[in-house]
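Colleague: What follows is a protein structure lacking sequence information:
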């Protein structure tokens, strides 16, 4: 996470410096509908709603959060695509909705070009997690168990993670039984219940790891996990595709530059302030903000699109 924050440091400083002037100069032409691609009541939904509350408090904008969940974020993306591109409609999802999910769902007729990325707020601490009762310390212990003849099940939430689990097994001579579940919480519950042997979990394993009940066997991102820095990287175990997703706000393509900058800067200012409820949540749940906007964010999304296409191609072979 520390290197991620350094990567985006310059962009964030520039954005914060501009907030006081640009955000005050631009006024939305009406209430801002904030489409949220997550079920109500979860951590991601709470994250979005806390940001909305603070934006209202700071800028006087009227923001109306609206749950548009389903189909891995596609329902929100479909609704956002044809919304007015004047700053009155924005959406919050995970960045992979605009890359991997759209590439994997060509029938939806969506592409990254249909949207304007506004700002990222936090990154995922995606790890391969197992129950501590298994006695495994790292992913290598699980590989050894499989090579000794044990059939291992691997819980995933979504097709991208299923592709990653498949390629990880292939690179290490392991034929995982990949179990698709509905959301990261369901994967974590299946691990603790013993229904799967391990699975991809993106941050909510923190309390269990701290208590010694769970183990981060490996990092599925491109750097060590904050909580388990000694866990090996899957990049070093033959998986070429890290899960570097982020929470992201986006608008329909064609939003005016001044609206894009004002909204982006305002969101970044909120999550970068640990004194706000949204900032405190980001610090507590995600290890701190991971913010980007403008050309920096555009480059990140294009890189992720290239990686997503390569992952889909590798998994299809």
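Modeller: It's in. Here the structure is a predicted model, which means the values were calculated and not measured. Residues are numbered from 1 along each chain as shown.

Colleague: in the longest helix seen in the chain, what counts as buried?
Modeller: Criterion DSSP state H: the longest helix present in the chain is helix 294-316. Using 16 or more other CB atoms under 10 Å as the test for burial, helix 294-316 gives 294, 296-297, 300-301, 304-305, 307-308, 311-312, 314-315. Any C-beta I mention is one placed from the backbone N, CA and C, and that applies to glycine too.

Colleague: tell me which strands and helices the strand or helix carrying residue 264 is in contact with?
Modeller: For residue 264, the enclosing helix or strand under DSSP states H and E is helix 257-271. Other elements packing on helix 257-271 under the criterion 3 or more CB pairs under 8 Å, 6 or more residues apart in numbering; DSSP states H and E are helix 9-25, helix 43-59, strand 115-123, strand 246-252, helix 277-286, strand 292-293, helix 294-316.

Colleague: Just want the angle from the longest one to helix 257-271.
Modeller: Which is helix 294-316. 80 degrees (axes from the mean of the first three to the mean of the last three CA atoms, to 10 degrees).

Colleague: domain assignment for the protein?
Modeller: Domain ranges of the chain: 2-123+245-316, 126-237, per automatic domain parsing.

Colleague: export those domains to JSON lines and tack on mean pLDDT?
Modeller: Shown next, in JSON lines, are the domains of the chain (pLDDT from 0 to 100):
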{"stretch": "domain 2-123+245-316", "mean pLDDT": "88"}
{"stretch": "domain 126-237", "mean pLDDT": "95"}
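
Colleague: Quick check: buried residues in stretch 79-99?
Modeller: Applying 16+ other CB under 10 Å to stretch 79-99 flags 79-81, 85-99 as buried.

Colleague: now do stretch 111-129
Modeller: 112, 114-129.

Colleague: again with stretch 213-223
Modeller: Buried residues in stretch 213-223, counted by 16+ other CB under 10 Å: 214, 215, 216, 217, 218, 219, 220, 221, 223.

Colleague: Helices - which of the residues you listed land there?
Modeller: Per DSSP H, the subset of the buried residues of stretch 213-223 in helices is empty.

Colleague: Taking those, tell me the two that lie furthest apart.
Modeller: Greatest spacing in the buried residues of stretch 213-223, by CB to CB: 214 and 223 (20.2 Å).

Colleague: Quick one: residues in contact with stretch 26-46.
Modeller: Stretch 26-46 is contacted from outside by 48-49, 52, 61-69, 73, 75-77, 79-80, 83, 86-94, 97, 183, 185, 204, 247, 258-259, 261-263, 281, 285, using CB atoms under 8 Å, 6 or more residues apart in numbering.

Colleague: how does it look with 7 Å?
Modeller: 48, 52, 61-69, 73, 76, 79-80, 86-93, 97, 247, 258-259, 262, 281, 285 (CB atoms under 7 Å, 6 or more residues apart in numbering).

Colleague: Equivalent analysis for stretch 71-88, please.
Modeller: Contacts of stretch 71-88 (CB under 7 Å, 6+ apart): 28-33, 35, 37, 68-69, 89, 91, 93-94, 97-98, 101, 105, 108, 110, 114-115, 158, 250-255, 259, 263.

Colleague: Go again with 6 Å.
Modeller: 28-30, 32, 35, 37, 68, 89, 91, 93, 97, 101, 108, 110, 114, 158, 252, 254-255, 259 (CB atoms under 6 Å, 6 or more residues apart in numbering).

Colleague: picking up where we left off before, mind giving me CSV with the helices and strands packed on helix 257-271 and columns for distance to residue 237?
Modeller: Below are the helices and strands packed on helix 257-271 laid out as CSV (distance: least, CB to CB, whole Å):
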stretch, distance to residue 237
helix 9-25, 30
helix 43-59, 28
strand 115-123, 21
strand 246-252, 23
helix 277-286, 24
strand 292-293, 28
helix 294-316, 15
